[in-house]
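S.K.: A predicted structure for the sequence below; I have some questions about it.
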Amino acid sequence: MKKYMTADLRNVCVTGSGATGKTQLVESILFTAKVINRLGKVDEGNTICDYSKDEIERKTSINSAIAFCEWKNKKINLIDTPGYADFAGEVIGGLFVSETALINICAVNGVEMGTERRDY
């Protein structure tokens, strides 16, 4: 495995309300970075980040999942977090270890309940 200097590491927490496409976005990033050679779909239960039986059956993230890619000689660690408030602890954990948060918002529905929380 390639070794990276600390200055070449990026931790990005992908967060947002439920069903806004966070897992699909991470899947697309991995595909674009050529980490994977096929684009999985949440509805088909074949994404990299939603791998547990419960997540596949429910078609929603329950646990945070970590995936990584390399882009312009930087290693980017992507933390795909669940969107539903029941799993807020997973989001908090992801935010604590990240220097960047990518907040995914549905283009159709806009800012939804749970997107703007001030208690994290």
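M.R.: Looks like it arrived, so ask away. Numbering: from 1, shown residues only.
S.K.: hey, let's count contacts and neighbours off CA atoms from now on
M.R.: OK.
S.K.: next one: the residue positioned nearest the centre of the chain from V97, what distance?
M.R.: Compute the mean C-alpha point of the chain, and by CA atoms, centre = their mean the closest residue is D80, 2.0 Å away. From D80 across to V97, the span is 13 Å (CA to CA, to the nearest Å).
S.K.: ok, E70 next?
M.R.: Distance from E70 to V97, by CA to CA: 19 Å.
S.K.: of these two, who's got more company?
M.R.: The neighbour count for E70 versus V97, taken as other CA atoms under 10 Å, is higher for E70 (16 against 12).
S.K.: quick one: contacts for N73?
M.R.: By CA atoms under 8 Å, 6 or more residues apart in numbering, N73 lies in contact with D8.
S.K.: check which helices and strands the longest helix seen in the chain is in contact with.
M.R.: Ranked by residue count under DSSP state H, the longest helix found in the chain is helix 22-32. Applying 3 or more CA pairs under 8 Å, 6 or more residues apart in numbering; DSSP states H and E, we find helix 22-32 packed against strand 9-16, strand 74-80.
S.K.: quick one: mean pLDDT over it.
M.R.: Mean per-residue pLDDT for helix 22-32: 98.
S.K.: remind me which residues of the protein are low pLDDT?
M.R.: 117-120 (pLDDT under 70).
S.K.: N77 contacts W71, doesn't it?
M.R.: No: N77 is beyond contact range of W71, at 10.7 Å (criterion: CA atoms under 8 Å).
S.K.: is E70 located within a helix, as I assumed?
M.R.: No: counting by DSSP: H, G, I helix; E, B strand; the rest coil, one finds E70 to be strand, located in no helix.
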